[in-house]
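S.K.: Show me how the following folds:
(one chain, ligands or ions: 1)
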Amino acid sequence: MWEKNVRRVIPYTPGEQPGRRDITKLNTNENPYPPAPGVEKTLREFEAGLLRLYPDPEAAQLTEAIAERYDVSPEQVFVGVGSDDVLAMAFLTFFHGKEPILFPDVTYSFYDVWASLFGIPYRCPPLDTQFRIRPEDYLAPNGGIVFPNPNAPTGVMLPVDQVERIVAGNPGSVVIVDEAYVDFGGESALPLVERYDNLLVVQTFSKSRSLAGLRIGFAIGSRKLIRYLNDVKFSFNSYTMNSLTIACGKTCMEDEGYFQKTVARIVATRERMKKELAALGFSFPDSVANFLFIRHENVPAPELFGALKENGIYVRYFAKPRIDEYLRVTVGTDEQADRLLDFFKKYLNDRRA
Ligand code: PMP
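M.R.: As a prediction, this is how the structure comes out:
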């Protein structure tokens, strides 16, 4: 009988973590390069005795390092256990109205899960045929707005002047721009934060900073937004970030040179992959993220997905309306790209024969 009182939810399904090192793992948009070298040093030198104490609930060291890097006040920064945690807190805090919140029909598949969990009504304006967000769709009455920029899983960027149109057109709502992939060639909406107190920009250490396993995400916004976010966070769990993560995150954020270098490498590999994939008969929206959303003119995506997997190459496939002909492929190292491209060349060749 107790089941009638259970909160039933359909959870988000993350990409597979095979736990084997021989896999060419291009399925969860991780960074193929290790984190900044200082992180290893911080790990080695971390005093285990410190774990006796509760961590700093404000994670001040980390918050200050982020504030310094993005030239904002520490009171404009909120940190969490990955951007999933930050986004969940932001949904809980800011999406508490009666009108439906808005996010695109093709987007990060956690948004509808949080909306359902928290009982937030939502509506999903369709992307256009080229997978672009249409800003005018977001000028209708709403209880809040959230979208990734660049979008996932398409990699398509909405220019910042269009983001501004959405933010400026919705003074009665909080607009969350999820910039998980912005460092790979997108343009950040952060400069708008000084002018619009309803804009929350969310970023992560999981992609461009190679720390998916450590779990650090952050949001930057007006002082008022950040105060409201902290009030909800401290009503939920004061100690979400552990001391070791706080120390490693600070070290990572301070190494700008390494960050720039690894991001540039991934961008170079991505641009080469675009040329070679096009030559093999693939088409894709022009991604500015660390992944490509590809379809082949003759071969169905589920077939390619299966064949890749059998050959130890993992990519992501979403059996969902509008995108079930596509594969999302993470941009890894040049060697990983070669493995993928060589496989495609051989597979397509054999299939024709
Ligand atoms: N936003 C988007 C668009 C993502 O693709 C991801 C990665 N799954 C996240 C947020 C969350 O990443 P993390 O929690 O690792 O910061």
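
S.K.: ok, now which ones touch Asp286?
M.R.: 155-156, 274 (C-beta atoms under 8 Å, 6 or more residues apart in numbering). C-beta coordinates here come from the backbone N, C-alpha and C atoms, glycine included.

S.K.: In helices, which of those residues appear?
M.R.: Counting by DSSP state H, the contacts of Asp286 place Lys274 in helices.

S.K.: Tabulate the contacts of Asp286 (TSV), appending pLDDT.
M.R.: TSV is the format used below for the contacts of Asp286 (pLDDT from 0 to 100):
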residue	pLDDT
Gly155	98
Val156	98
Lys274	98
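
S.K.: Contact distance from the ligand - what residues of the stretch 201-350 of the chain qualify?
M.R.: 204, 206, 212, 217 (C-beta under 6 Å from any ligand atom).

S.K.: Please indicate which of these are buried?
M.R.: With neighbours counted using 16 or more other C-beta atoms under 10 Å, these contain these buried positions: 204, 206, 212, 217.

S.K.: Okay, buried residues for stretch 73-91 please.
M.R.: By 16+ other C-beta under 10 Å, the buried positions in stretch 73-91 come out as 76-91.

S.K.: So what touches the helix or strand harbouring Asn349?
M.R.: If you go by DSSP states H and E, Asn349 is part of helix 334-352. Outside helix 334-352, the residues that touch it by C-beta under 8 Å, 6+ apart are 24, 26, 32, 269, 272-273, 276-277, 280-282, 296, 299, 304, 307-308, 311, 313, 329, 331.

S.K.: Go through that helix and flag the buried ones.
M.R.: Neighbour counts over helix 334-352 (16+ other C-beta under 10 Å) mark 336-341, 343-344, 347-348 as buried.

S.K.: Can you say which two of these are spatially most distant?
M.R.: Gln336 and Leu348 (18.7 Å; C-beta to C-beta).

S.K.: quick one, helices of the chain?
M.R.: 37-45, 60-70, 82-94, 111-118, 160-168, 223-233, 243-254, 256-279, 301-310, 334-352.

S.K.: Tell me which of the ones you listed sits most buried.
M.R.: Greatest average neighbour count among these goes to helix 82-94 (a mean of 23), per mean count of other C-beta atoms under 10 Å.

S.K.: and which of the residues of the stretch 201-350 of the chain next to the ligand is nearest to Leu62?
M.R.: Using C-beta to C-beta, these come closest to Leu62 at Gly217, 11.0 Å.

S.K.: hang on, the closest one packs against Phe78?
M.R.: No - applying C-beta atoms under 8 Å, one finds Gly217 not in contact with Phe78, separated by 9.1 Å.

S.K.: Find residues that contact each of the two.
M.R.: Looking at what touches both Gly217 and Phe78 (by C-beta under 8 Å, 6+ apart), the common residues are Val86.

S.K.: and Met157, what is it in contact with?
M.R.: 149-151, 185-187, 288.

S.K.: and the gap between it and Val177?
M.R.: Counting by C-beta to C-beta, to the nearest Å, the gap between Met157 and Val177 amounts to 11 Å.

S.K.: can you list residues touching both of the two?
M.R.: Asn149.

S.K.: if I look at the residue positioned nearest the centre of the chain, how far off is the ligand?
M.R.: For the chain, Ala180 is the residue whose C-alpha lies nearest the centre (C-alpha atoms, centre = their mean; 3.3 Å). Distance of Ala180 to the ligand, given as C-beta to the nearest ligand atom, to the nearest Å: 4 Å.

S.K.: That residue contacts Lys207, correct?
M.R.: Yes - using C-beta under 8 Å, Ala180 is in contact with Lys207, at 5.9 Å.

S.K.: For Gln203, which residues are in contact?
M.R.: 83, 179-180, 182-183, 217-220.

S.K.: Give the closest residue to whatever residue of the stretch 1-150 of the chain ends up closest to the ligand in space, chain neighbours not counted.
M.R.: Going by C-beta to the nearest ligand atom, the ligand is nearest to Gly82 of the stretch 1-150 of the chain, at 2.9 Å. Excluding the flanking residues, the one nearest Gly82 by C-beta to C-beta, 6 or more residues apart in numbering is Arg215, at 4.3 Å.
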